[in-house]
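Novice: Make a model of this:
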Amino acid sequence: MSESLSIDTPVRIRPRMARFSPASVRAVESIERQVIASSVAAGWTSVLVDHHTVRPERNLVEVPATPDQTVVVVVRGCQEIEVLGRGSARRAIYRAGTSGLTPPGVAERLRRLPGPDGGPVEKVNVYLPAQLMAEVADHYRATGVRPRADPLSSSACQDRTTADTVVALARAAAVGTADLYAQAGALWLATHLISSGPHSLVANRDRRGPGRLLQRRLQAVLDLMESHYGDDLTLKRLAAEASVSEFHFVRLFRKSTGNTPHAHLVHLRLEAARTMLAETDLSVGQISARCGFSRANHFSTAFKARFGCTPTQFRAGLAAAVRPAGIDTVGSPGALSEFLR
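Specialist: Modelled structure (predicted):
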């Protein structure tokens with residue numbers, strides 16, 4: 001007798017549950033990692049979960065394709081991922097709580113570049129069986145909803161539900177919870193990704209009226225800006241991410257966030273620059289380029305307008321604040337707090 005599980009819109013669990021592909025095992029084993037916990041040790045077959053740490057390195061890493069949907073969530077640490085394509089490369093910043101989606105059948109060539117602290121990164125890889133993803137999509141088709149044909153793919157997405165579910169699966173695998181838990185968790189995660197996540201494949205109606213961007217579309221734009229703030233993000237690209245015309249995008253973005261896209265992007269760049277100045281040895285020129293400023297003097301002007309000092313003065317203030325006692329420092333005791341305001 002088959003069992004059923006109701007999660008928002010019920011999806012039937014069949015007696016013969018979908019299994020992850022052996023190719024997913026090969027994919028995760030291609031990663032040079034320190035394993036913390038694995039669902040293989042727990043005897044799970046319905047989903048593959050691998051909790052591990054990796055050290056950022058500039059060496060090229062090749063991860064083979066798998067027919068399963070890959071979900072990656074960073075638990076602790078920060079790293080910059082450079083994914084190499086045909087004649088191009090794209091970068092994204094992954095921090096704690098950030099997730100990434102790799103669609104079935106896609107092999108990746110990437111580099112893990114060090115984050116601000118340069119330390120190891122703790123993350124969880126989850127591989128959802130292709131059969132499970134297909135069954136959830138088929139369920140929506142049966143109810144008259146036609147999911148888009150786009151693959152589930154994103155870089156550095158901020159989705160709390162996905163992150164919490166993946167972490168819960170990792171904890172359950174670590175203590176050897178029964179595979180029934182894995183079946184329910186995998187079904188819930190697949191349903192969320194297809195139906196209601198920031199990059200869901202089911203088109204939802206805008207219940208907040210035409211004057212505001214759909215929440216998932218806005219989140220997709222914000223994720224793109226946060227993970228690619230150093231790129232030359234054009235209005236055309238942002239509008240396409242939001243699925244609206246360029247003519248309407250700026251007005252809708254401002255109505256939804258209170259800021260123009262340009263102002264928000266500059267804010268992200270300056271906050272990233274301040275972190276790099278405080279936590280890395282990169283030169284001001286290198287930080288300027290990494291944060292998307294075309295010229296160092298433009299960066300310095302924008303930084304001073306935002307924080308009240310130039311990047312060089314900011315870094316000098318930090319250095320002065322940590323000098324040992326007995327060495328003269330420049331400025332008043334409140335100088336550092338002024339720099340960090």
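Novice: So the chain: which segments form each domain?
Specialist: Structurally, the chain divides into domains by automatic domain parsing as follows: 16-195, 215-258, 263-340.
Novice: what helix or strand is R141 on?
Specialist: Here R141, judged by DSSP states H and E, is contained in helix 130-142.
Novice: List the buried residues for that helix?
Specialist: 130-133, 135-137, 139-140 (16 or more other Cβ atoms under 10 Å). Placement of C-beta: from N, CA and C, glycine included.
Novice: Reformat the domains of the chain as CSV; add mean pLDDT.
Specialist: Below are those laid out as CSV (pLDDT from 0 to 100):
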stretch, mean pLDDT
domain 16-195, 88
domain 215-258, 84
domain 263-340, 77
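Novice: hang on, the earlier thing: how about exporting the helix holding R141 as PDB, limited to the C-alpha atoms?
Specialist: In PDB, the C-alpha atoms belonging to helix 130-142 read as follows (Å, rounded to 0.1, in the frame of the first residue of the first chain):
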ATOM      1  CA  ALA A 130      16.100  13.100 -11.200                       C
ATOM      2  CA  GLN A 131      13.000  10.800 -10.800                       C
ATOM      3  CA  LEU A 132      11.900  12.700  -7.800                       C
ATOM      4  CA  MET A 133      12.200  16.100  -9.500                       C
ATOM      5  CA  ALA A 134      10.300  14.800 -12.500                       C
ATOM      6  CA  GLU A 135       7.500  13.400 -10.300                       C
ATOM      7  CA  VAL A 136       7.000  16.700  -8.500                       C
ATOM      8  CA  ALA A 137       6.900  18.500 -11.800                       C
ATOM      9  CA  ASP A 138       4.400  16.000 -13.200                       C
ATOM     10  CA  HIS A 139       2.200  16.500 -10.200                       C
ATOM     11  CA  TYR A 140       1.900  20.200 -10.900                       C
ATOM     12  CA  ARG A 141       1.100  19.400 -14.600                       C
ATOM     13  CA  ALA A 142      -1.700  17.100 -13.400                       C
END
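Novice: For the helix or strand that that helix is followed by, list the C-alpha coordinates in PDB.
Specialist: Later in the chain than helix 130-142, the nearest helix or strand by DSSP H and E is strand 154-158. This file holds the C-alpha atoms of strand 154-158, laid out as PDB (Å, rounded to 0.1, in the frame of the first residue of the first chain):
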ATOM      1  CA  SER A 154      21.500  29.800  -9.700                       C
ATOM      2  CA  SER A 155      24.700  31.200  -8.100                       C
ATOM      3  CA  ALA A 156      24.800  32.500  -4.500                       C
ATOM      4  CA  CYS A 157      21.100  32.500  -3.800                       C
ATOM      5  CA  GLN A 158      19.800  33.700  -0.400                       C
END
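Novice: Strand 154-158 pairs with which strands?
Specialist: Within its sheet, and counting by DSSP bridges, strand 154-158 is paired with strand 98-102 (antiparallel).
Novice: CA atoms only for the partner strand, dumped as CSV, please.
Specialist: What follows is strand 98-102 as a C-alpha-only set of coordinates in CSV (Å, rounded to 0.1, in the frame of the first residue of the first chain):
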residue,chain,number,x,y,z
THR,A,98,24.1,31.0,0.7
SER,A,99,23.0,28.3,-1.7
GLY,A,100,23.7,27.3,-5.2
LEU,A,101,21.9,25.1,-7.7
THR,A,102,23.5,23.1,-10.5
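Novice: mind checking how far stretch 234-250 is from the chain centre?
Specialist: With Cα atoms, centre = their mean, to the nearest Å as the basis, stretch 234-250 stands 21 Å off its chain's centre.
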